[in-house]
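[1] for reference, the sequence and a predicted model appear below.
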Amino acid sequence: MAEPNKWVPRNPELPGAEDGSVSKESALAACFAMALFYVAVLYAPTYVLRLAPASSLNTFMIRRFISVIFASLASILLCACLLPVRNYQGASLILSICGIRLDHLGRAVAIPLCLTSLFYVGSVVSRLLSFSDAWEQEELHQEAYLVRIFKAASQKLVDDAHFVVLNILAWRNYVVAPITEELVFRACMIPLLLCAGFKAYSIIFLSPIFFSLGMQLGYTVMFGWYASFLFLRTGHLIAPIVAHIFCNMMGLPIVFPNTQKAFVFSSFLIGCGTFFILLFPATSPDLYNSNTKHCRCWHEFCSWGRTL
């Protein structure tokens, strides 16, 4: 009897069952189709629905939000149709395969977030040094100055929260883009590639190719490697999503600032070194799954098809 919430391939011996793997050609074609559709659907309001040009930035972005949400749902449907999963297991199994899970959720948020932040140690140190320079220009022990610093920090926190809630571009950068991109390019594509027999390290370097079809190259490709690694190791979609949101908030890591270059660069190197030391222990599948059965990819998809 199958265990609850377990990924189970179709067994050809069962009535109505199909073969237990997806062909490599089908998986690659599906991934290309999902990537191209994710981009093409952005132009649907203008060229397919023939809507009038958007009268404002908000209207324009909301149309795009609706488009990429539709593309994400279509990708989940395509993934569900191609994966060799028993039909009677229902939608909950498909969501689990896509990494949409509630178990170990706290760890899947906190640990990848802390791990990702190590790349920004240099950025944090640079900002602390800037604050220190401003501090030295004032009388250090005046209570009035400390009160002003506290009020300024509080006001900035309120302003940032207000910006995120009301600014449409903030919703794109911190909500819609991270969720839909990770859902399509990680949660829907990676299970198909695993089921087709591709090894995990092949998928880590392959999936950003699909991501680059709709996005810019360079930094986004490197992030795609990392996001794919997080999804493969943890089995949680939330892990690459929080990493994606955090990187969008922080921007590119600061390596060589205008001042204190050697100190900031050393901090950056220390953060990167710590990141690579903790990369595998912090993403161990055993931390995010109750029973991995010593499977190298935690979900046993590695046993469904041939290895590449």
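    Arrived safely.
[2] residue contacts, Val255?
    Counting by CB atoms under 8 Å, 6 or more residues apart in numbering, Val255 touches 122, 264-265, 268. Every C-beta, even on glycine, is put in place using the N, C-alpha and C of the backbone.
[3] if we go to 6 Å?
    Applying CB atoms under 6 Å, 6 or more residues apart in numbering to Val255 gives the contacts 122, 265, 268.
[4] go on, Arg172?
    Counting by CB under 6 Å, 6+ apart, Arg172 has no contacts.
[5] and for Leu128?
    Applying CB under 6 Å, 6+ apart to Leu128 gives no contacts.
[6] go on, Arg186?
    By CB under 6 Å, 6+ apart, the residues touching Arg186 are 227, 231, 240.
[7] give me the buried subset of those residues.
    Using 16 or more other CB atoms under 10 Å as the burial test, these include 227, 231, 240 as buried.
[8] in helices only, show me the residues you listed.
    Cross-referencing the buried ones among the contacts of Arg186 against helices under DSSP state H gives 227, 231, 240.
[9] nearest to Ile254, of those residues?
    For those, the residue nearest Ile254 by CB to CB is Ala227; the value is 21.5 Å.
[10] wouldn't that closest one be in contact with Pro240 here?
    Yes. Contact criterion CB atoms under 6 Å: Ala227 and Pro240 qualify, at 3.8 Å.
[11] can you pull the contacts of Ile190?
    Applying CB under 6 Å, 6+ apart, we find Ile190 in contact with 203, 231.
[12] repeat that for Ala187.
    Counting by CB under 6 Å, 6+ apart, Ala187 has contacts 98-99, 237.
[13] in ChimeraX, select just the buried ones from these.
    The ChimeraX command for the buried members of these (criterion: 16+ other CB under 10 Å) is given here:
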select :98,99,237
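[14] would you turn the contacts of Ala187 into a markdown table with distance to Thr220, secondary structure and pLDDT?
    Shown next, in a markdown table, are the contacts of Ala187 (distance: CB to CB, whole Å; DSSP: H, G, I helix; E, B strand; the rest coil; pLDDT from 0 to 100):
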| residue | distance to Thr220 | secondary structure | pLDDT |
| --- | --- | --- | --- |
| Cys98 | 21 | coil | 89 |
| Gly99 | 20 | coil | 91 |
| Leu237 | 18 | coil | 96 |
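[15] what's near enough to touch Arg63?
    Going by CB under 6 Å, 6+ apart, Arg63 touches Pro45.
[16] so it is in which element?
    Applying DSSP states H and E as the criterion places Arg63 in helix 57-82.
[17] CA atoms only: put the helix or strand following that helix into PDB for me.
    Going down the chain from helix 57-82, the next helix or strand is helix 91-97, by DSSP H and E. Extracted in PDB, the C-alpha atoms of helix 91-97 (Å, rounded to 0.1, in the frame of the first residue of the first chain):
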ATOM      1  CA  ALA A  91      -4.600  17.200  -6.800                       C
ATOM      2  CA  SER A  92      -2.800  17.000  -3.400                       C
ATOM      3  CA  LEU A  93      -0.200  14.700  -4.800                       C
ATOM      4  CA  ILE A  94       0.500  17.000  -7.800                       C
ATOM      5  CA  LEU A  95       0.900  19.900  -5.400                       C
ATOM      6  CA  SER A  96       3.400  17.900  -3.300                       C
ATOM      7  CA  ILE A  97       5.300  16.900  -6.400                       C
END
